[in-house]
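In: fold the stuff below for me.
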Amino acid sequence: MAAAPPPDGDIDAHSHIWTRDIAKYPLAPGQTLDDLAPSSFTTEELLVLARPLGVGRVVLIQHKPYHGLDNSYITDAISQHPGVFSAVACIDAEGAHPDAEMLTLKGQGVRGFRILANEGGASRWRDSKGMRTMWDAAAQNGLAMCPLINPNELSLVDEMCRAFPKSTVVIDHFARIGADGIIRDSDVQALADLAQYPLVHVKISAYYALGRKQAPYTDLIPMIEKLLSVYGAERLMWASDSPYQIVPPHNYADSLALIRERMPSLTATQKEWLLKKTAEKVYFTEA
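Out: The predicted structure follows:
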């Protein structure tokens, strides 16, 4: 039987989900239902939000603070909604066999793995056996390494790209440039410099948290245009970072509108890559 065609619409390359059903999906140690903010953001709540705005598919990002390394809520969502979701999981880089865990999760629909600067048991990823194992496994199996980092940590990515040039990389949220309210040219240039590695991609996302941190987010346009000039639209992908993007006064529609309506210099082809085709290539195409 032929597979069903993918849902119509754009792709949100980054949204978290969590549930209050802690009997089935326990919270991480130390977390309680009172810690969830917002108190609920389930698979169903995400779809009700995204679909009316023309978003048909979503890349789910494991929310490690709430659900720890138990990726079952996002993998169950993939199983329950065929073709709608892909996912980025979290695993322990210091575990005995992180490469085997990556392959198991790939079989459940996961296509990327979130990593933080302090993970791997060493001060730099290049010196971590587990991190090197993960980057090699990603290269061998068509999976993406997805760093959530700050601008001063971009050198970690550079070092690993030199060592593992066949590993796909997706940097979250502009490497959080502008999180302190200041978009520094030196930070933007450091992110732009990583375009020398053909498999590095960047999520243009989390507008609520960067620069002026207020709609219509047009202060982020010069940074996006700089990245377009070096990466091309084919290596940039829009994402909302919901549910944080929908905490008032922010909303999902304003995030989409920055790309759909507020950058008149974008061509229709560029918009298609930013809003759909780049994420589809990385997260929804079988390796």
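In: ok, then the element right after the least confident helix or strand in the chain by mean pLDDT?
Out: Within the chain, no helix or strand scores below helix 64-67, which has a mean of 94 by mean pLDDT, DSSP states H and E. Per DSSP states H and E, helix 64-67 leads on to helix 72-80 as the next helix or strand towards the C-terminus.
In: show the residue spans covered by the helices in the stretch 151-287 of the chain.
Out: Secondary structure of the stretch 151-287 of the chain (DSSP state H, counting those that start in this stretch): helices located at 154-163, 185-193, 221-231, 252-260, 268-272, 278-283.
In: so for the fifth one, what gets flagged as buried?
Out: By neighbour count, and taking 16 or more other CB atoms under 10 Å as the criterion, the buried residues in helix 268-272 are Gln270, Lys271. Where C-beta positions appear, they are placed from N, C-alpha and C, glycine not excepted.
In: okay, now the unreliable bits of this protein?
Out: Residue ranges of the chain with pLDDT under 70: 1-5, 287.
In: for it, longest helix please?
Out: Ordering each helix of the chain by length in residues (DSSP state H) puts helix 129-141 first.
In: related to what we said a few turns ago, quickly compare the helices of the stretch 151-287 of the chain and say which is most buried.
Out: helix 278-283 (a mean of 23; mean count of other CB atoms under 10 Å).
In: so what touches that one?
Out: 6, 11-13, 57, 59, 86, 111-112, 144, 168, 170, 201, 233-239 (CB atoms under 8 Å, 6 or more residues apart in numbering).
In: give me the buried entries from those residues.
Out: 11-13, 57, 59, 86, 111-112, 144, 168, 170, 201, 233, 235-239.
In: dump the residue contacts of Arg262.
Out: Pro216, Tyr217, Thr218, Ile221.
In: err, Arg235, not the other one
Out: Ala195, Val200, His201, Val202, Thr278.
In: what about the closest residue to Tyr208 other than its chain neighbours, how many residues nearby?
Out: Using CB to CB, 6 or more residues apart in numbering and skipping the chain neighbours, the partner closest in space to Tyr208 is His250 (4.2 Å). His250 has 21 neighbours, counted by other CB atoms under 10 Å.
In: what about stretch 40-56, start to end distance?
Out: One end of stretch 40-56 sits 21 Å from the other (CA to CA, to the nearest Å).
In: what about it, distance to the chain center?
Out: Computed by CA atoms, centre = their mean, to the nearest Å, the chain-centroid distance of stretch 40-56 equals 17 Å.
In: in it, what counts as buried?
Out: Going by 16+ other CB under 10 Å, stretch 40-56 has these buried residues: Phe41, Thr43, Glu45, Leu46, Leu47, Leu49, Ala50, Leu53, Val55, Gly56.
In: which among those residues gets closest to Gln245?
Out: In terms of CB to CB, no member of those lies closer to Gln245 than Leu49, at 9.8 Å.
In: I'd assumed that closest one was in a helix, is it?
Out: Yes: looking at Leu49 with DSSP: H, G, I helix; E, B strand; the rest coil, it is inside a helix.
In: thought it was touching Ser242?
Out: Yes: when contacts are counted by CB atoms under 8 Å, Leu49 is listed as touching Ser242 (6.9 Å).
In: anything in contact with each of the two?
Out: Tyr252.
In: so where does the closest residue to Tyr283 other than its chain neighbours fall, helix or strand?
Out: Closest residue in space to Tyr283, ignoring its immediate chain neighbours: Ser86 at 3.9 Å, by CB to CB, 6+ apart. Assigning secondary structure by DSSP H and E places Ser86 in strand 85-89.
In: tell me what the next helix or strand after that strand is packed against?
Out: Using DSSP H and E, the next helix or strand after strand 85-89 towards the C-terminus is helix 98-106. With contacts defined as 3 or more CB pairs under 8 Å, 6 or more residues apart in numbering; DSSP states H and E, helix 98-106 has these neighbours: helix 129-141.
In: after the helix it packs on, which helix or strand is next?
Out: strand 144-148.
In: report all helices and strands that that next one contacts.
Out: Looks like strand 144-148 contacts strand 110-116, helix 129-141, helix 154-163, strand 168-171 (3+ CB pairs under 8 Å, 6+ apart).
In: again, 7 Å this time
Out: strand 110-116, helix 129-141, strand 168-171 (3 or more CB pairs under 7 Å, 6 or more residues apart in numbering; DSSP states H and E).
In: closest to His63 out of the ones you listed?
Out: Here strand 110-116 is closest among the helices and strands packed on strand 144-148 (CB to CB), at 9.8 Å.
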